[in-house]
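S.K.: no sequence on this one, just coordinates:
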DNA sequence: GCATATTTGTCCGTATGTATA
DNA sequence: CTATACATACGGACAAATATG
């Protein structure tokens, strides 16, 4: 890769290379694109031209295509033969399906959990705290991210790396919905305290009640998102 | 692609191209390799040389690498930087994790199912019948495939395309275990009638009993596989 | 531990086919 | 219907990392 052509985005990630195990260019490129899609600067429906993206990121088209394959497999991109790749646009059926999976994973995780390990409790509390803090400073994007992290931590209670990964992908897909919503800003706000309530019940050891609270949250969030589509 | 170099495997799949929607070369190559891995002719631990495979299948290294990315994302291959790709070798922790997911998916699907649609009942009965038939003819490989298809159909009861896909991948990963077992032949035999029993209970509308039978099956299968590793 | 051979990682150029203005 | 743009797929090149003797 030519130094000159290496983009700011890639150099920004270059530092991470030496840390947690090296990674290929394709993986780093996919990480960059994943971030851009999740965060919304690459909105649903957008076509990602091989030429444009490869030149923008300073990588060859071959390498970029490898990255595209990864992201298409994660359902963040759709690959249409001979037409190119597009940022995924969710249909209402996708949304109901995603919430079906969330119910299975999240309710299952809480139901089957016994004593919650201290580090997992810490993660749950941190997510709630960060959401509250972001809300007081009107950083609604961060509120959404923190709320997502709360439910990611819920999924972690299952103690399964594969379930955690599925949950990651589910939440990433859900982000696609927010980017087509009229006002995604305040969407997450009412859920901060509902998550806090779930945590409170979990800490109290009231498993059944926390399952019920979580189920109620999922029902309401799905309904609200469906209405917004 | 040169006609001359196009392998028998690829030409065998060429017919499917015109049918259910076209697909890229990388996708067809990944389908071929996936089949070979699942069926066992590419055993766990084997390194897949880019040169050897690309020449054998008559595709370029670039295209093959795209296929590798897909299969690595499905956990059938592991990609080690600068070392190449290997057929995945499962550790005991992988097995317990896979069964954790199977419990979540299969028990969840049965638990939440109301009236079972006729076509899904047909699929379940067909799987049981095929397993029995294969057993009478000592085709133990096919018995395993049929049993897998039974549980795939159980997962389908959830009515979620994404859950079905996760289940597909989970079962594909589980296949990797069979290929390192001493005697995989008769492993599936005792489970034919246990699956039939689950089906009988489902047909009778005895949800709770079928969940219990299914849970028992999962416990025993996991224990037996763990012991075999 | 070193020198060498092999293989992967990545890039480029190009021919062909497909979709679309 | 033609022209153009673009994706698909290939082959070759070379550096860098790894395996081998």
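M.R.: Done, it's in. Here the structure is a predicted model, which is why all the values come from computation and not from measurement.

S.K.: can you give me the strands for chain A?
M.R.: A:47-48, A:77-80, A:84-87 (DSSP state E).

S.K.: what lines up beside the last one in the sheet?
M.R.: The pairing partners recorded for strand A:84-87 under DSSP bridges are strand A:47-48 (antiparallel), strand A:77-80 (antiparallel).

S.K.: and the residue sitting nearest the centre point of chain A, what is it in contact with?
M.R.: For chain A, residue A:172 is the residue whose C-alpha lies nearest the centre (CA atoms, centre = their mean; 3.0 Å). Residue A:172 sits next to A:34, A:37, A:38, A:74, A:76 when contact means CB atoms under 8 Å, 6 or more residues apart in numbering or on different chains. Bear in mind the C-beta positions are built from the backbone N, C-alpha and C, glycine included.

S.K.: Chain B next: which of those residues are close?
M.R.: residue A:74 (CB under 8 Å from any CB of the partner chain).

S.K.: quick check, nearest of the contacts of residue A:172 to chain B?
M.R.: Closest approach to chain B among the contacts of residue A:172 (CB to the nearest CB): residue A:74, at 7.6 Å.

S.K.: check contacts around the closest one.
M.R.: Counting by CB under 8 Å, 6+ apart, residue A:74 has contacts A:34, A:169, A:172, B:73.

S.K.: any idea how far it is from DNA strand D?
M.R.: To DNA strand D, residue A:74 is 17 Å away according to CB to the nearest atom of the strand, to the nearest Å.

S.K.: Also residue A:134?
M.R.: Residue A:134 is 37 Å from DNA strand D, by CB to the nearest atom of the strand.

S.K.: now the longest helix out of those in chain A: mean pLDDT?
M.R.: Ranked by residue count, the top helix of chain A under DSSP state H comes out as helix A:207-228. Across helix A:207-228, pLDDT averages out at 95.

S.K.: Which parts of it count as buried, going by neighbours?
M.R.: A:210, A:211, A:213, A:214, A:217, A:218, A:221, A:222, A:225 (16 or more other CB atoms under 10 Å in any protein chain shown).

S.K.: got a markdown table for the residues you listed, with distance to DNA strand D too?
M.R.: Output for these, formatted as a markdown table (distance: CB to the nearest atom of the strand, whole Å):
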| residue | distance to DNA strand D |
| --- | --- |
| A:210 | 46 |
| A:211 | 44 |
| A:213 | 46 |
| A:214 | 41 |
| A:217 | 40 |
| A:218 | 37 |
| A:221 | 35 |
| A:222 | 34 |
| A:225 | 31 |
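
S.K.: and of these, the nearest to residue A:49?
M.R.: The closest of those to residue A:49 turns out to be residue A:225 (CB to CB; 30.1 Å).

S.K.: Show me which residues of chain A are close to DNA strand D?
M.R.: A:47, A:49, A:50, A:51, A:61, A:62, A:65, A:79, A:81, A:82, A:83, A:84 (CB under 7 Å from any atom of the strand).

S.K.: hmm, which of the residues you listed are the buried ones?
M.R.: The buried subset of the residues of chain A next to DNA strand D - by 16+ other CB under 10 Å - is A:62, A:65, A:79.

S.K.: got the residues of chain A next to DNA strand D as a markdown table, with pLDDT columns?
M.R.: Formatted as a markdown table, the residues of chain A next to DNA strand D follow (pLDDT from 0 to 100):
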| residue | pLDDT |
| --- | --- |
| A:47 | 97 |
| A:49 | 96 |
| A:50 | 96 |
| A:51 | 95 |
| A:61 | 97 |
| A:62 | 96 |
| A:65 | 96 |
| A:79 | 97 |
| A:81 | 95 |
| A:82 | 94 |
| A:83 | 96 |
| A:84 | 96 |
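
S.K.: Keep the residues you listed, but drop any that are not near DNA strand C.
M.R.: A:61, A:62, A:81, A:82, A:83.

S.K.: which of the residues you listed are the two that sit furthest away from each other?
M.R.: A:62 and A:83 (19.0 Å).

S.K.: Quick check: the gap between residue A:137 and residue A:104.
M.R.: According to CB to CB, to the nearest Å, residue A:137 stands 35 Å off from residue A:104.

S.K.: my bad, residue A:165
M.R.: Counting by CB to CB - residue A:165 and residue A:104 are separated by 15 Å.

S.K.: More neighbours: which of those two?
M.R.: Shown here are residue A:165 and residue A:104; by other CB atoms under 10 Å in any protein chain shown, residue A:104 has more neighbours (23 against 14).

S.K.: near chain B, which residues of chain A?
M.R.: Checking chain A against chain B by CB under 8 Å from any CB, the hits are A:22-24, A:26, A:62, A:65-66, A:69-70, A:73-74, A:79, A:81, A:97-98, A:100-101, A:104-105, A:108, A:158-163, A:166, A:170.

S.K.: filter the residues you listed to the buried ones?
M.R.: A:23-24, A:26, A:62, A:65-66, A:69-70, A:73-74, A:79, A:97-98, A:100-101, A:104-105, A:108, A:158, A:160, A:162-163, A:166, A:170.

S.K.: Residue numbers of chain A in contact with DNA strand C?
M.R.: Contact residues, chain A versus DNA strand C (CB under 7 Å from any atom of the strand): A:1-2, A:24-26, A:58-63, A:81-83.

S.K.: Report the residue spans of chain A with pLDDT below the cut-off.
M.R.: For chain A, the stretches with pLDDT under 70 are A:1-21, A:184.

S.K.: how is it carved up into domains?
M.R.: A:3-87, A:92-228 (automatic domain parsing).

S.K.: With distance to residue B:30 as extra columns, can I get the ones you listed in TSV?
M.R.: As requested, those are arranged in TSV below (distance: least, CB to CB, whole Å):
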stretch	distance to residue B:30
domain A:3-87	9
domain A:92-228	19
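
S.K.: Quick one, which of these gets closest to residue B:154.
M.R.: Once these are compared by CB to CB, domain A:92-228 is nearest, at 13.6 Å.

S.K.: Ends of that closest one, what's the gap?
M.R.: 10 Å (CA to CA, to the nearest Å).

S.K.: roughly how far out does it sit from the chain middle?
M.R.: 11 Å (CA atoms, centre = their mean, to the nearest Å).

S.K.: can you check stretch A:70-79 too?
M.R.: 14 Å.

S.K.: what's the burial count for residue A:77?
M.R.: 25.

S.K.: which ones are touching it?
M.R.: Contact analysis of residue A:77 by CB under 8 Å, 6+ apart lists A:37, A:48, A:68, A:71, A:85, A:86, A:87, A:88.
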